[in-house]
Structure formats: structure tokens, C-alpha cells
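Novice: Return atomic coordinates for the entry below.
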Amino acid sequence: MDIKILGTGCPKCKQLEKLTREVVEQNHIDATVSKVDDIMEIMKYGIMATPALVVDNKVVLKGRLPSANEIKNLLL
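Specialist: Down below sits the predicted model:
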């Protein structure tokens, strides 16, 4: 599974990255988590509000900070 956190470095973006990494680790999910902070790359996903969560090149969440449980549900 390929997971991307889209965001330019705001506190919510950093928190989404932290939560996502924790969920992946705690649930032993076989995934690669990366952070995309280049605005041109983010725009390729059609994102107008960050943070956003992309799983296998599909935007599954954008514009808000989800709970750890919601992230888990999106990934499993």
C-alpha cells in the first residue's frame, strides 16, 4: 500500500502524518508512508484544502484532520 500525506507543513498536516504513521505501525499495515509538500505535486491531485490523505493514488480524505480510528478504517 502506498500512502501519501499531502500538505505544505501546517500543524494539521504534520499531525495527519504523525497519526497515519502511528496507525500503520500499531496495526502492522504493510505500507509506505510519504509526505508530499510540493504545492505543484499536491495540485496534481486536485486538492484545494490540506491536509489530504492519498492511498494508492486515490484521495480518500481532504481538508480536515481525522481521528486515528477514522484513518484506521480508511486503511483497512
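
Novice: doesn't L61 make contact with A49?
Specialist: No - between A49 and L61 there is no contact, the gap being 10.7 Å when judged by C-beta atoms under 8 Å. Where you see a C-beta, it was placed from the backbone N, CA and C, and this is true even at glycine.

Novice: So for these two, which sits in the more crowded spot?
Specialist: L61 (18 against 9; other C-beta atoms under 10 Å).

Novice: The more buried one bridge partners, please.
Specialist: Per DSSP bridges, the residues bridged to L61 are L53.

Novice: Please state the offset of the worst-scoring helix or strand of the chain on mean pLDDT from the chain centre?
Specialist: Lowest on mean pLDDT, DSSP states H and E among the helices and strands of the chain sits helix 39-43, with a mean of 93. From the chain centre to the centre of helix 39-43 is a distance of 14 Å (C-alpha atoms, centre = their mean, to the nearest Å).

Novice: can you map out the strands along this structure?
Specialist: Secondary structure of the chain (DSSP state E): strands at 2-6, 32-36, 52-55, 58-62.

Novice: Would you mind saying which of the ones you listed lies nearest L76?
Specialist: L76 sits nearest to strand 52-55 of all those, at 10.7 Å, using C-beta to C-beta.

Novice: so what does that closest one touch, helix or strand wise?
Specialist: Judged by 3 or more C-beta pairs under 8 Å, 6 or more residues apart in numbering; DSSP states H and E, strand 52-55 is in contact with strand 2-6, strand 58-62, helix 68-75.

Novice: let's go with 10 Å and repeat that
Specialist: strand 2-6, helix 11-26, strand 32-36, strand 58-62, helix 68-75 (3 or more C-beta pairs under 10 Å, 6 or more residues apart in numbering; DSSP states H and E).
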